[in-house]
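**Student:** fold the following, please.
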Amino acid sequence: MFGPMGSADRSDESSLDATLASPSFGANHSFSLPIDSLAPAARSSAPRAGAVLPRSVVTDEGMQLVEHARPRYQTVKRLGEGAFGEVELCVDNDIERRVALKRLKPDMQDPDTISRFTSEIQTVGQLEHPGIVPVHDVGLDERGFFFVMKYVEGDTLEHVIDRLRAKDPNYRSRYSVEARAEMFLQLCRAVQFAHSKGWVHRDIKPANIMVGPFGEVMLMDWGLAKQVGQSDPTAASGGPAPSAYGTMLGHAIGTPAYMSPEQARGEHDKTDARSDVYSLCAVLFELMGLRHYLTPKRNLDELLQAVKTEQPMGALAMHHKLEIPPEYSWIIARGLDKDPAKRFGSVAELAQRVQAALEGRGPVQCPCTGMKRAGGWWSRFIDRQPNLAIAGAVLASASALLGVVTAVRMVLG
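**Tutor:** Residues are numbered from 1 along each chain as shown. This is a model prediction of the structure:
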C-alpha cells in the first residue's frame, strides 16, 4: 500500500509495486516435450557445471598445471528476488570475477515461466549497450535453469530515492538536481537503444535501475520486454486472478505504480515506445519530487483506475508544491499525459528536452523557465565571448552607477 509519502510498501510480493505478468502465455511458445518430462531427464544428466581452467603451481620441477575440482559458479550470498526469479552473487572460479546469477524459483518451473525466462535471456543478448546489463552465460543444473550476468555494484534507484527522501546528507550532496538529470539521460539512452532494435521494456521502475559508484546507470530485468508489432508472449488467455497479488493477471502487464494507462487497460497491441516514455516520466517525477506521481491509494484496484484516469499534478503545481525545477516539471507533465499522442513521440525526443533543460536551452513555458532560458543564454555567451561579456558587464555597471549619481544630484538639487 502507498504510504504517507506516496512510496509503495515493498515488504512482500503483494505490494502495489510488484510486477504483474500473465501466468499463462505459452500459446505462442512451444516445447518439443512437456517440461515435466524434459526437466527431470535433463537435470539428471546435467551435473553441476565445474570450473575447467587449471591452476598454475610453481614447484621445484617448474610450472605445473593442477586440475582443481570446484564449481564454475560459487554462491556468495543472495542478492534479492522477484515474483518469478531470484538472484545470487557468485564467484566465477574460471575467470575469477564476481557475477550475478539469476535463476527461476523452485515453484516456477512450468513451461510458461521457463519460456519467458528464455525470452528474457535472448532479449538481453541482443541488446549490447553500456546501459544494459549483459548476459555472460546460461546453464542448467540440479536447481533448474539459470543465466549469468555482469554484477553491477551500487544502489538501485529506488534506494537512492529513499535516501534522498530521508534527507541523507551524503546522498543529497552527491545527487544534485543536475546529477539526477544526467542519470536520467543515461537511462533514456539505454531505452532509446532498445527501441531502435524494436524492443519496449514495459517494466521501467526505480527498482529495475542500478546506479554504480561512478554514476553509471544500467537498466535491468527485461523479462516483460516486447517486440513492437509482434504478438505478445506474455498476453494472457483471460480468466479470474488466482490471488490478490494477481488481481490483473492475464490483463495488465507491468508494474502498476509505473505502467502506462494503455498497459493498465490491457491494450497490449497499443503498447509502444510512448508507453516507456510514460514510465520514464513517472520515474523522473519520483527522482525529482521524491514521491510517487499519483496521490496515495488504498488498494491495487484504485491504483490501476488512477493510472487510467487520474490527471497527475500540473507542471506549475509540481514546481510550487514539490520544488521540482520548472524546466523539468513541464517535461514530466507532457510525458505523463494519458493520451499517448500528446506525449513525447520517442525517448529520443524526451532525452533532447532533458538535455536542453540541463543546458538552459529549454522552451519558455512560464516566467521561471523564461528567466532560466535568459540565464542559460547569458552563461553560454560568457563561455563563447568572455571579453565581450566582461565589457558588457562593466558597461552595465557603469551605466547603473551613473544613473544613481544622476538621481542623487537631482534629489539634492
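**Student:** make sure residue 204 is indeed in a helix.
**Tutor:** No: assignment of residue 204 by DSSP: H, G, I helix; E, B strand; the rest coil gives coil, placing it outside any helix.
**Student:** need the pLDDT of the closest residue to it other than its chain neighbours.
**Tutor:** Nearest residue to residue 204, sequence neighbours excluded (Cβ to Cβ, 6 or more residues apart in numbering): residue 279, at 4.0 Å. Where you see a C-beta, it was placed from the backbone N, CA and C, and this is true even at glycine. At residue 279, the predicted lDDT confidence score is 97.
**Student:** what about residue 279, which SS state?
**Tutor:** helix.
**Student:** ok, it to residue 132 distance?
**Tutor:** 16 Å (Cβ to Cβ, to the nearest Å).
**Student:** you'd agree residue 356 is in a strand?
**Tutor:** No: assessed with three-state DSSP, residue 356 is helix; it does not lie in a strand.
**Student:** thought it was touching residue 364?
**Tutor:** No: taking contacts as Cβ atoms under 8 Å, residue 356 lies outside contact range of residue 364: 11.7 Å.
**Student:** between the two, who's got more neighbours?
**Tutor:** residue 356 (16 against 12; other Cβ atoms under 10 Å).
**Student:** in contact with residue 278, which residues?
**Tutor:** Residues counted as contacts of residue 278 (Cβ atoms under 8 Å, 6 or more residues apart in numbering) are 259-261, 335-336, 340, 343.
**Student:** so which of these comes closest to residue 142?
**Tutor:** Proximity of those to residue 142 (Cβ to Cβ) peaks at residue 259, which lies at 36.4 Å.
**Student:** what's the mean pLDDT across whichever strand or helix holds residue 400?
**Tutor:** Using DSSP states H and E, residue 400 maps to helix 386-412. Taken as a whole, helix 386-412 carries a mean pLDDT of 71.
**Student:** what is the neighbour count of residue 228?
**Tutor:** 13.
**Student:** to clarify, my last question referred to residue 297.
**Tutor:** Residues near residue 297, counting by other Cβ under 10 Å: 22.
**Student:** for the nearest residue to it once chain neighbours are set aside, pull up the helix or strand it's in.
**Tutor:** Excluding the flanking residues, the one nearest residue 297 by Cβ to Cβ, 6+ apart is residue 303, at 4.3 Å. Per DSSP H and E, residue 303 falls inside helix 300-309.
**Student:** export that helix to PDB, keeping only CA atoms.
**Tutor:** What follows is helix 300-309, C-alpha atoms only, in PDB (Å, rounded to 0.1, in the frame of the first residue of the first chain):
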ATOM      1  CA  LEU A 300      -4.500  -2.200  -6.300                       C
ATOM      2  CA  ASP A 301      -7.800  -1.600  -8.000                       C
ATOM      3  CA  GLU A 302      -7.800   2.100  -7.000                       C
ATOM      4  CA  LEU A 303      -4.200   2.400  -8.200                       C
ATOM      5  CA  LEU A 304      -5.000   0.900 -11.600                       C
ATOM      6  CA  GLN A 305      -8.000   3.100 -12.000                       C
ATOM      7  CA  ALA A 306      -5.900   6.100 -11.200                       C
ATOM      8  CA  VAL A 307      -3.300   5.200 -13.700                       C
ATOM      9  CA  LYS A 308      -6.000   5.100 -16.300                       C
ATOM     10  CA  THR A 309      -8.000   8.200 -15.300                       C
END
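**Student:** how about it: buried residues?
**Tutor:** By 16 or more other Cβ atoms under 10 Å, the buried positions in helix 300-309 come out as 300, 302-304, 306-308.
**Student:** likewise for stretch 195-214?
**Tutor:** Applying 16+ other Cβ under 10 Å to stretch 195-214 flags 195, 199-211 as buried.
**Student:** which strands or helices does the helix holding residue 303 pack on?
**Tutor:** helix 261-264 (3 or more Cβ pairs under 8 Å, 6 or more residues apart in numbering; DSSP states H and E).
**Student:** so how far is the helix it packs on off the chain centroid?
**Tutor:** Computed by Cα atoms, centre = their mean, to the nearest Å, the chain-centroid distance of helix 261-264 equals 18 Å.
**Student:** tell me the mean pLDDT for it?
**Tutor:** Mean predicted confidence for helix 261-264 is 93.
**Student:** what packs against it?
**Tutor:** helix 273-289, helix 300-309.
**Student:** ranges for the helices of the chain?
**Tutor:** For the chain, helices defined by DSSP state H occupy the ranges 35-44, 111-126, 157-165, 169-174, 177-196, 261-264, 273-289, 300-309, 315-322, 326-335, 347-358, 367-384, 386-412.
**Student:** the second one packs against which elements?
**Tutor:** Helix 111-126 sits against strand 97-104, strand 135-141, strand 144-150, with contacts defined as 3+ Cβ pairs under 8 Å, 6+ apart.
**Student:** for the last one, same thing?
**Tutor:** Counting contacts by 3+ Cβ pairs under 8 Å, 6+ apart, helix 386-412 is packed against helix 367-384.
**Student:** quick one on the thing from earlier: chain center to the helix holding residue 400, what's the gap?
**Tutor:** 52 Å.
**Student:** ok, stretch 147-158 next?
**Tutor:** Counting by Cα atoms, centre = their mean, stretch 147-158 comes out at 12 Å from the chain centroid.
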